Structures are given as C-alpha cells and as structure tokens.
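Trainee: Provided below are the primary sequence and the corresponding predicted coordinates.
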Amino acid sequence: MIASFKKFAVSAAVTTALGLTFAVLPTAASAQTKIKLTLNWKYEGPQAWFFLAQDKGYFKAEGLDVEIDQGEGSAAGVPKVAAGTYTAAFGDMNALIDFAAKRPADAPVGVYTLYNSAPFTVVVKANSPIKTPKDFEGKTLGGPANDGALKLFPTLAGSAGFDLSKVKISNMAPNLREQMLIRDQVDGVFGYINTVYFAAKASGMDPEKDLRFIRYADYGLDLYSNTIMFSRKFTKENPEAVKGFLRALNKAIKEVVANPDEGLAAVLKREPLLKPELEKEKLLATIKRDMSHPEVAKIGLGAVDEARLKKSIDLVVKANQLTTTPSTGDVFDSSFLPARADRPSKL
C-alpha cells in the first residue's frame, strides 16, 4: 500500500511537472511572429523565392507567420512600412534613401539587397528621335506614379546633364504604359528593363525590334535597387525574426536559381492565369540582369558595397536637393544577413 502510494505520488509529481512545462511553452500558433510583406509589383515570376519559402515551410520553421501581398510599384512600399501598414517591403533602395533623408526616424531599413544592378530605364520606340537623355528635353515621358525609374529621373538629369524643367511628365496606370508608347501618346515611358520588356512581349510586340532602352546605368547611375526592408522598430524589437526571415528567403533563392521550374510553380499557384513560359523567361532574365553584379562574387548576394552605396546616397541627395544626407547605416543594416558562406557568390 505504501509502495503503491509512493508510485502514485511520483507519477503525480511527474505529471504536474510536465503540465507546468507545457503551460510555460507557447503553442506552435502563438510562437509564430507575424510579418506582413508587400511586394514590388503584382505576382510574377521574379518573386518566386518568396512563395517557395512560404510553401515549403521555411518561414514557419523560423517561427514566422508571413503574409505576402501584391505591390503597387517599387517605391510604394517605403511609405507603407513607415506608416506601419506593413512590417516589411521588397522595394527600391533609392526611394528608401529619399525617405530616410526626409523622415529618418520613420524610415525603414534595408537588410538584404536582391537587385544589385540598376534596372532603371526610359523606353522609346525603335524609330524615336530620342537617342540620349539630352533628347528628352521638349518631350513627354510617362509612367506610374510609384515607378522607381520615374522617382529617380531627377537623379538621371543631374548625372546626364539635361534640363529637367523642359521634360513633361505624364502619369498613367501601369497596364497602359506600353500601349500609350506604341500609340505615340507619350514619347517614352519609365520602368524597369525587364518589366517593360516582358510586358511589351506579352502584348504582342517584339521588344528587340520595336523598342530601345535608355538605361540609367549607362549614364553614371550604378545604383542598387530592390531590397528587403523592414520597419526600424521591428528590427529593434525582433532582430531574430528578421534574421530568420532572411535565412528562409536566402535558402529559397538558392533553390529557385538551381530549379526555376519549382519556383515558377509556386508563383502560378497564386496567379494561374500567368503565361508560364513568359514568366520563366522573366525570372531568368531578372537573375541574369538585375542580381548578378560583379561584386556578388566578392561580398555575396544580399550585401552592399559601402562605398558604392555612399555614392548612390550622394547622387540621390544632390539630384533631389535634399537637406539631409543619410549615412549608409541609416539605410542598410548588414547585421541581419545570413553568414557569408551561406549566401550565393554566383547566380
């Protein structure tokens, strides 16, 4: 009887201890840190890594509950994160620089740069008399209000040496950009090279024959572009969550590069009406043109060269006549990056 009682007491004690343990440990659902991310644009092939990381549970494995929304342009995510509408954005570094100069306390902070080669361009018809940026004077150029290339147009003016006041700017819905150019309603349109190229191709044009691309990078603007940026408040309060997000995303990027079809399948789950062949071509072109700057071999994908970023900041500040010059640390924090050995050196 005494032995039986002791056995019962020990069993009860173990049960109680286990119960206390389970009470202290959070459930899987409560352990998930919520991150709300806005993308640069509507769902498309070059966003494959975000969806693959979500579908394969990489975010969840890091204790994250990630919600991914479509975007409205690469510059649009910056104020949305600053306002607290989103935790993070995939948006343009140069829009971030501009915002950080004006409202440093509210500005998001970049943590992982994907587009390390400047994709900005003004696109004209192949037979257009516009050959160089100087020829923009007296012409009408158009683009969506939140387009990254449009936002950077004053910077191009400063670098290429044309009179910005002599160029008329017309805003339009993104889906009208290529049509308005072809119908001569504008003389040129702003955009990212791949975005306009493949939108034109999808509409039946041959961009190689029908269009010419005046690239910002050819006129001294060796700028960074789309970057993962987080709320500054969130990075301070949840540094491990930011690191976990980047580990998950970095893993998915490597897998999409190795197997683009797997990444594309994740995109098509969200937007089944997309044309698979076109989206795959767009994804591969983005990897080749936008993410393969020579510096990747030295510093790895995701990182930035501080001297190059400083030059970009100075260009944006001068062109937009900003009164404050952010430091590189104000716009990019490398402390959240995955280990150098884990990040791609070649794409």
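Mentor: That came in fine, so what should we check first? Numbering: from 1, shown residues only.
Trainee: shaky segments in the stretch 1-150 of the chain?
Mentor: Low-confidence segments of the stretch 1-150 of the chain, defined by pLDDT under 70, are located at 1-31.
Trainee: ranges for the helices of it?
Mentor: Chain-ordered helices for the stretch 1-150 of the chain, with DSSP state H, counting those that start in this stretch as the definition, fall at 2-24, 28-31, 48-55, 58-61, 77-82, 93-102, 148-151.
Trainee: for the fourth one, name the packing helices and strands.
Mentor: Other elements packing on helix 58-61 under the criterion 3 or more CB pairs under 8 Å, 6 or more residues apart in numbering; DSSP states H and E are helix 239-258. Yep, even glycine has a C-beta here, placed from its N, CA and C like the rest.
Trainee: output the helix it packs on as CSV, nothing but the C-alphas.
Mentor: C-alpha atoms of helix 239-258 as CSV (Å, rounded to 0.1, in the frame of the first residue of the first chain):
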residue,chain,number,x,y,z
PRO,A,239,16.1,41.0,-34.5
GLU,A,240,16.0,37.2,-34.5
ALA,A,241,12.8,37.3,-36.6
VAL,A,242,14.5,39.5,-39.2
LYS,A,243,17.4,37.1,-39.3
GLY,A,244,15.1,34.1,-39.6
PHE,A,245,13.2,35.7,-42.4
LEU,A,246,16.4,36.3,-44.4
ARG,A,247,17.7,32.8,-43.7
ALA,A,248,14.5,31.3,-45.1
LEU,A,249,14.4,33.7,-48.1
ASN,A,250,18.1,33.1,-48.9
LYS,A,251,17.5,29.3,-48.8
ALA,A,252,14.6,29.7,-51.3
ILE,A,253,16.6,32.0,-53.6
LYS,A,254,19.3,29.3,-53.9
GLU,A,255,16.7,26.7,-54.7
VAL,A,256,14.9,28.8,-57.3
VAL,A,257,18.3,29.5,-59.0
ALA,A,258,19.0,25.8,-59.1
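Trainee: could you identify the helix or strand that succeeds that helix?
Mentor: On the C-terminal side of helix 239-258, the closest following helix or strand by DSSP states H and E is helix 260-270.
Trainee: what's next to that following helix, contact-wise?
Mentor: 43-45, 47-49, 51-52, 54-55, 252, 255-256, 274, 276, 279-280, 283-284 (CB atoms under 8 Å, 6 or more residues apart in numbering).
Trainee: and stretch 136-151, by the same measure?
Mentor: The list of residues contacting stretch 136-151 from outside it, by CB under 8 Å, 6+ apart, reads 72-76, 92, 94-95, 98, 119-122, 130, 153, 162-163, 166-174, 177, 180-181, 185-192, 216, 225-226.
Trainee: one more time with 6 Å
Mentor: Counting contacts by CB atoms under 6 Å, 6 or more residues apart in numbering, the residues outside stretch 136-151 that touch it are 72-76, 92, 95, 120, 162-163, 166-168, 170-172, 174, 186-191.
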